[in-house]
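Undergrad: Just to be clear, the model below is a prediction. Sequence and coordinates:
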Amino acid sequence: MILAFDTPYRPLTSRPFLSNSTYAEYLPGEALRPYVSCFWASGVSGGEADVPEAAVTEADIPEAAATEADVLDADATEADVPEAAVPGAAGRETALLAGTVRVIPDTCMDIIIEINHTRQSISSRLCGIQDCTFMVEQGRRGDRVTKIAARFYFWSARLFLDLELGETANRVLDLELVQPGCNREFEPLFYHRSVEESISWLEGYLLERLETDRYNPNLYNSIDYLLRTGGNAVVKDICANSCVSQRQMERLFRQNIGLPIKRIASLVRYQNVWGEVVRRDRFEIMDAVHRYGYADQAHLLNDFKRFHGIWPEQARRAALAWR
């Protein structure tokens, strides 16, 4: 069985255009595309920053509440990314080394394998789905480290892990503790000479561990409905689409994803808005208000900031700085 939804869903990080020696994403093969959003890799040599995702220095946003007029006036409220922070490729690299990483709720779960060539050791971790944004400081290290990771859609990680995900939301777990023996299984990665070779090996590893017996048709019918509505759906309608009680469906979401239905719907809606903000030449906010069921512009803007941590225009400028 190959899981597939009629509605394409492409979640994004805060830096969807970043691709360089510190971080790059790779499209999975055809067999894994219904389950894996992307593979990503970061190769870090001694003395460089540890960069698990995209990174750039961003202007801080005052925590004081803005008036509705301020919210609607994007130019008045959204701090520009300082030009000095990103004056070209060299400046972006400097910002990458000196700044912080904004990690946003991308509705995905990651398995990250860290290969420490200096110490000849392998460690791995599971990053559960998150529903808030946070900043990660760029640390420095002397070891030569490579990271290879698989980023799973929120509906698919459970099919590869012998683990209920109810306690994994907003947490980073040592994968060896929840899947004993996995670090030894990852040892072939020591001997690969390219990222592409490592990703090809990881694809085969995941395909061997894909357990379609864990597939629950009621859960996936509800996810299909949620994706078709762009996240603009109420809980009772999501449950009714599968003819399952809300209590039972909430249990399925928590066990297989880690968050309740309403939170997942809100995150899917936010990700759809973020996709329009950053991919389109011009973001038509009123179109998005109607398309995704917001009450008005202020509702959309405040909802976006609640998840992203900054206003849409500032988030767009920060992302485009890496294009």
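TA: That came in fine, so what should we check first?

Undergrad: now the residue nearest to Ala31 when sequence neighbours are not counted: how far from Ser37?
TA: Once flanking residues are discounted, Ala31 sits nearest to Leu207: 6.1 Å by Cβ to Cβ, 6 or more residues apart in numbering. Using the backbone N, CA and C atoms, a C-beta is placed for each residue, glycine as well. Taking Cβ to Cβ, to the nearest Å as the measure, Leu207 falls 16 Å from Ser37.

Undergrad: Repeat that for Ile115.
TA: From Ile115 to Ser37 the distance is 22 Å (Cβ to Cβ).

Undergrad: Between these two, which has more neighbouring residues?
TA: The residue with more neighbours, out of Ile115 and Ser37, is Ser37; 26 against 22, by other Cβ atoms under 10 Å.

Undergrad: The more buried one touches Phe152, doesn't it?
TA: Yes. Between Ser37 and Phe152 there is a contact under Cβ atoms under 8 Å: 6.9 Å.

Undergrad: joint contacts of these two?
TA: Common contacts of Ser37 and Phe152 (Cβ atoms under 8 Å, 6 or more residues apart in numbering): Cys108.

Undergrad: List the contacts of the one helix or strand Leu207 maps to.
TA: Leu207 is part of helix 195-209 when elements are defined by DSSP states H and E. If you take Cβ under 8 Å, 6+ apart as the criterion, helix 195-209 is touched by 24, 26, 28-29, 31-32, 35-36, 39, 41, 43, 113, 146, 148, 150, 160, 185, 188-189, 192.

Undergrad: Just the mean pLDDT for it, thanks.
TA: Per-residue pLDDT over helix 195-209 has a mean of 96.

Undergrad: For burial, what's the neighbour tally of Asn116?
TA: Neighbourhood size, Asn116 [other Cβ under 10 Å]: 15.

Undergrad: Asn216 now?
TA: Asn216 has 15 neighbours, counted by other Cβ under 10 Å.

Undergrad: now the strands for this structure?
TA: Per DSSP state E, the chain carries strands over the ranges 24-26, 36-44, 100-103, 108-116, 121-127, 134-137, 145-153, 172-174.

Undergrad: what packs against the last one?
TA: By that I understand strand 172-174. In terms of contacts (3 or more Cβ pairs under 8 Å, 6 or more residues apart in numbering; DSSP states H and E), strand 172-174 is packed against strand 121-127.

Undergrad: Brilliant, that's me finished.
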